[in-house]
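[1] Sequence plus predicted model, see below.
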Amino acid sequence: MSTQRRALLGAGLAAATLPFLGRAEAAAPFIGRGAPAWYRFRFGEYEATIVSDGALPLGKAEDSFVGAAPGEVNAMMRAAMLDPSNALLEQNALVLNTGRHLILFDTGMGDSMGPASQMFGPTTGRLLRNLRQAGIDPAQIDLVVVSHGHCDHCWALVDANGNRNFPNAQVAISEADLNYWTNDANIRGPAFMEPFIRGAQKNLNAYRDRMVMLRDGQEVVPGVTAISAPGHTVGHTIFAVSSGPRVMVYTGDLAHHHVLLLRRPLLEFAFDTDPKQSAQTRARLLDRFATDLPLVMSYHFPWPGLGHVVKEGQGYAWLQAPMDVTSLG
């Protein structure tokens, strides 16, 4: 046993012998529930609320993040005090109130596809509940911006019966992604492709009469600009939110992991439509973020997904922004 471990155990045993001076009472019961997962802050003239859809466990990190030398992914995870046997991603959706529009960026997993909605486990699909806990009625949303057509980004557009969860909203998505993920001809390759396409068809087709096609470099609404970032999907899009001199970039699935894909941007991700294009897009945009230093809001980084990308060695590092105690939570 190491000297440090013996010292720690010794301190613990010594503490255990201290007498408890209060009255003997029954232990307090476990409460069994946590706080609603939402965080609100001002961004320039806007009000922003980050709402969680819950944790998304991928399983073994080396199964999802590929292209490294044997053992390298596990070593990077352990060095960051993370469990390589379960790469756990957050799901952080952004709600932006510009004063003119109430915009939801991505919807989370939802329950529209029944058992398939829990293909990543039962901890997902919590966005609608947390949205209401944050004081936002889904009927107030007038625009849902979908970064791409994957299950954890659009499957909560409708409920299990196919009814719209956002009855007054338009849906903005790239035409390339809309066409790809609603096309039966793309049911090929990995086993996940069929449920992904069936889920996209059910959710996206329910809003066909109110679709807005995203265009690279064009404003979706005043203050929100679409930026094409293909590779993860054919039409994957990220968004720059501007208010006065301040800029925040909502990055969707540009990078799924705050350690693996920042330190090694050219690693490939198992759910990418075009892994090599995705890696090149990621490397290019991370370099831009590390140069311009916008506030970055990532869908899958540790809660609440706000921070900055900075250069570190041959790659990048994630500097999580502090949660402001003066925020509007």
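    Sure thing, it's come through.

[2] what ranges do the helices span in the stretch 151-300 of the chain?
    Assigned by DSSP state H, counting those that start in this stretch, the helices in the stretch 151-300 of the chain fall at 151-154, 175-181, 193-205, 260-263, 275-292.

[3] hey, where'd the strands end up in the stretch 51-200 of the chain?
    Listed in chain order, the strands of the stretch 51-200 of the chain (DSSP state E, counting those that start in this stretch) span 56-57, 65-66, 88-89, 92-97, 102-105, 143-145, 170-174.

[4] Low-confidence ranges, the chain, go.
    For the chain, the stretches with pLDDT under 70 are 1-26, 33-36, 325-329.

[5] out of the helices of the stretch 151-300 of the chain, which comes closest to R246?
    Closest approach to R246 among those (CB to CB): helix 275-292, 12.2 Å. All C-beta atoms are positioned from the backbone trio N, CA, C, and that covers glycine.

[6] now the strands of the stretch 51-200 of the chain as CSV including distance to F239?
    Listed next are the strands of the stretch 51-200 of the chain as CSV, based on distance: least, CB to CB, whole Å:
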stretch, distance to F239
strand 56-57, 21
strand 65-66, 25
strand 88-89, 19
strand 92-97, 9
strand 102-105, 7
strand 143-145, 7
strand 170-174, 10
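
[7] Let's have those in CSV, adding mean neighbour count and distance to Q133.
    Below are the strands of the stretch 51-200 of the chain laid out as CSV (neighbours: other CB atoms under 10 Å; distance: least, CB to CB, whole Å):
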stretch, mean neighbour count, distance to Q133
strand 56-57, 16, 20
strand 65-66, 19, 33
strand 88-89, 19, 21
strand 92-97, 23, 12
strand 102-105, 25, 15
strand 143-145, 25, 19
strand 170-174, 23, 23
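
[8] Identify whichever of those strands lies nearest to L293.
    strand 92-97 (19.1 Å).

[9] partners of the closest one, with directions?
    Using DSSP bridges, strand 92-97 pairs in its sheet with strand 46-52 (antiparallel), strand 102-105 (antiparallel).

[10] how much space is there between the closest residue in space to Q140 that isn't next to it in sequence and D111?
    Using CB to CB, 6 or more residues apart in numbering and skipping the chain neighbours, the partner closest in space to Q140 is L102 (5.4 Å). Per CB to CB, to the nearest Å, L102 is found 23 Å from D111.

[11] again with H256
    23 Å.

[12] ditto for P84
    Separation of P84 from D111 (CB to CB): 30 Å.

[13] all helices for the stretch 1-150 of the chain, in order.
    For the stretch 1-150 of the chain, applying DSSP H, counting those that start in this stretch gives helices covering 3-16, 61-64, 72-79, 127-133.

[14] Can you give me the neighbour number for the closest residue in space to A229 that isn't next to it in sequence?
    Residue nearest to A229 in three dimensions, not counting chain neighbours: I238, with 4.8 Å by CB to CB, 6+ apart. Other residues within reach of I238, judged by other CB atoms under 10 Å, total 24.
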